[in-house]
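K.L.:
predicted coordinates and the sequence they were generated for:
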Amino acid sequence: MSMAIFSSTPPTQLPTLSPPHIKKTQLFYKPYFSLRSTKKHQYLVPIFASADEGSGVASVTVEDEKASENPVSAGDNLGSNGSPPLAAEAPEPATAEVVESANKFQDPRWVGGTWDLKQFAKDGKTDWDAVIDAEVKRRKWMEDNPQSSSNEDPIAFDTAIIPWWAWIKRFHLPEAELINGRAAMIGFFMAYLVDSLTGVGLVDQMGNFFCKTLLFVAVVGVLLIRKNEDIETIKKLLEETTFYDKQWQATWQEETSSKSEKN
Amino acid sequence: MASIALKSFIGLRQTTSENKSIVLSKPTTQTHRNFRINASKSSPRVTGRNLRVAVVGGGPAGGAAAETLAKGGVETFLFERKLDNCKPCGGAIPLCMVGEFDLPLDIIDRRVTKMKMISPSNVAVDIGRTLKPHEYIGMVRREVLDAYLRDRATTAGATVINGLFLKMDLPKSTGSPYVLHYSDYNTKTGGAGEKKTVEVDAVIGADGANSRVAKNINAGEYEYAIAFQERIKISDDKMKYYEDLAEMYVGDDVSPDFYGWVFPKCDHVAVGTGTVTHKGDIKKLQIATRLRARDKIEGGTIIRVEAHPIPEHPRPRRVLDRVALVGDAAGYVTKCSGEGIYFAAKSGRMCAEAIVEGSENGKRMVDESDLRKYLEKWDKTYWPTYKVLDVLQKVFYRSNPAREAFVEMCADEYVQKMTFDSYLYKKVVPGNPLDDLKLAVNTIGSLVRANALRKEMEKLSV
């Protein structure tokens, strides 16, 4: 419905961006038990959501001037921060985030636009996995509910504060285990196959250039092709790297082909 | 970095000349042209008059081309259909343009010295700390800039014709003139304009993204982005925040392959977004952009809504016989930033210089080889810039994790310095190799972290 407002472009038309306008297009305040169930939130859905076309909820709108009332009524409806609601989409325990004020991501550990690492302490050290989990949830929430960027509460979290070994332990090691497992299986099978076909044992295979090439191809294949779709992706990537160059070259192609016609 | 990029470009040219099996989307009517390569020195002298050149389109490209031609002694006709046209445009010009084109400082409405990059999760990074006090990005009004350049062309001796270019008859034989058909609005015959023709020896097509000159020479099509923007008048105290600051919003909600922006103009802000692949969703993207900037533009009034196409890459054919395309008509808009004004003006000037040189100040006839010299010079000078921006767009506008990494990288001072240096002076400067290496490592780190977080996010949504 908001499309209709902006469809015509004569300069004489002056739609306003004053609060009533904004409320129609930007935020809806609604009691959260009437939230749309199409979005699959695993945690408490904030009562404010951005009004993109997918929402389709005609609900009670609140003038921005009455913003001061929101925390009060929000308090009535939601109870205190962290209590799971009736309409939670999936049972996710106490790390649920409740949005009380207009448009922010709220979490007790999110302080001043970044994660307060002291609250992630476990046994005297920071629990980096929990930091990663918290940031993942925040990004997911932000993606599902785009918020206005505000100058008063700037967000200044940099993922680089999480040390490199925490990333390796969590993301690289499981994948490495998988890849190495695949490589080992393929290696064993191929070694056995080549041995049975040619009688060349494992040590002699390693000395042969052709076998070494096969080994290289197998390793590269295991590293690059992790899913079936990766083959197509790699082909497309290769084409992409030279596509722009080709577009620029197009005007020169004519010249050279015409020159050769002349010759 | 620049030298490597240059080498590969030239290398590509050499291989393509040997290896004609590369198939490109050539213009469909590939007639067998009588292609005679005449060195211009042996071109016949133009007797009794100077060389006549028509510049179709009176924007930055046309104005710059007409001025250079007129100064070089060529008889120039500059066609512009709407002399007071308020072209929808971002309006940003780099610092080097002010110097190179001797622009008076009062043309510049605002000097932007700070930029804010805002990631999909609203991480905001300020860039501009590394700018020296005399460096800025100039924000101009197109109607002011275009009029100024046209007036300068008139002062240099060009004839500005207020008319609409309709079509052009290609010459039947080498040396015959081009006949341009146009609708002259000067005579004011009831608004429709009087149909007139003019004969010229060469044509510069500077008529923008929907160039008719390009159609006439079957230059081929290009992909283009739609840039949609709303001009919003906001209160003075909110305007103070945007006094010298421009914002860039990245995210899938704002644009799947470009960015949303808030640029300050003379007394209002322009809030907009653009896309190549999702043109149908542009209104939705615009709403999302306004949402992200909501706090800062709240209470504002929309005073104008506008949209315009932005070419994504050059047309397959940029020169044919004695017709050359410049500016948006040729498709000289960079990727990643979508910058076009400077490149339009510069290409107009470069093409005009090639014509002036090839015709020895208007005394001889030009031919295609002279115009190709302009193409060669252009490609050689600016190819590194275009390629680097293309790579940046491919890497950092790909997905939300890539955009998060992009904003993270922007916080780095070295990145800011390199970015601004190359933007303001239009030279891809290879920096300190050690810093470059550190930058590469940090970039890969950022990308890996952001993508790892993304994988976890996907697990959450399952």
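P.N.:
Done, it's in.
K.L.:
could you use CA atoms for every contact and neighbour count after this?
P.N.:
Fine.
K.L.:
residues in contact with B:W261?
P.N.:
B:246-249, B:270-273, B:289 (Cα atoms under 8 Å, 6 or more residues apart in numbering or on different chains).
K.L.:
can you check B:V415 too?
P.N.:
So B:V415 contacts B:409, B:439 (Cα under 8 Å, 6+ apart).
K.L.:
how about a cut-off of 6 Å?
P.N.:
For B:V415, the contact set (Cα atoms under 6 Å, 6 or more residues apart in numbering or on different chains) is empty.
K.L.:
in the biggest helix by length in chain A, what counts as buried?
P.N.:
Among the segments of chain A that qualify as a helix by DSSP state H, the longest is helix A:229-262. Going by neighbour count (16 or more other Cα atoms under 10 Å in any protein chain shown), the buried part of helix A:229-262 is A:244-256, A:258.
K.L.:
ok, A:G113 - how many residues close by?
P.N.:
If you count neighbours by other Cα atoms under 10 Å in any protein chain shown, A:G113 ends up with 16.
K.L.:
OK, now which residue of chain B is nearest to chain A?
P.N.:
Chain A sits closest to B:R292 of chain B, with a gap of 3.7 Å, by Cα to the nearest Cα.
K.L.:
ok, the residue lying closest to that residue once chain neighbours are set aside - how many residues close by?
P.N.:
Nearest non-adjacent residue to B:R292, counting by Cα to Cα, 6 or more residues apart in numbering or on different chains: A:S148, 3.7 Å away. Number of residues near A:S148 (other Cα under 10 Å) recorded here: 20.
K.L.:
which parts of the stretch 101-250 of chain A sit against chain B?
P.N.:
Residues of the stretch 101-250 of chain A lying near chain B by Cα under 6 Å from any Cα of the partner chain: A:136, A:139-140, A:142, A:147-150, A:155-156, A:250.
K.L.:
what is the nearest of these to chain B?
P.N.:
Proximity of those to chain B, judged by Cα to the nearest Cα, is greatest for A:S148, which lies at 3.7 Å.
K.L.:
how close does the closest one get to B:C351?
P.N.:
45 Å (Cα to Cα, to the nearest Å).
K.L.:
ok, B:V262 next?
P.N.:
From B:V262 to B:C351 the distance is 33 Å (Cα to Cα).
K.L.:
repeat that for A:F216.
P.N.:
51 Å.
K.L.:
do the same with B:A227
P.N.:
As judged by Cα to Cα, B:A227 and B:C351 stand 27 Å apart.
K.L.:
more crowded one of these two?
P.N.:
Set side by side, B:A227 and B:C351 show more neighbours around B:C351, with 28 against 25, by other Cα under 10 Å.
K.L.:
ok, the more buried one - contacts?
P.N.:
B:Y374.
K.L.:
next, count neighbours for A:W128.
P.N.:
Neighbour tally, A:W128, other Cα under 10 Å: 20.
K.L.:
what pLDDT does the residue most central in space within chain B get?
P.N.:
In chain B, the centroid-proximal residue (Cα atoms, centre = their mean) is B:G340; its distance is 1.8 Å. Reading off the confidence values, B:G340 has pLDDT 92.
K.L.:
measure the closest residue in space to A:W141 that isn't next to it in sequence to B:K116 for me?
P.N.:
Leaving aside its sequence neighbours, A:W141 sits nearest to A:F105 (Cα to Cα, 6+ apart; 7.8 Å). Here the criterion is Cα to Cα. By it, A:F105 lies 21 Å from B:K116.
K.L.:
thinking again about what came up before, let me know the closest of the contacts of B:W261 to A:W167.
P.N.:
B:Y249 (27.4 Å; Cα to Cα).
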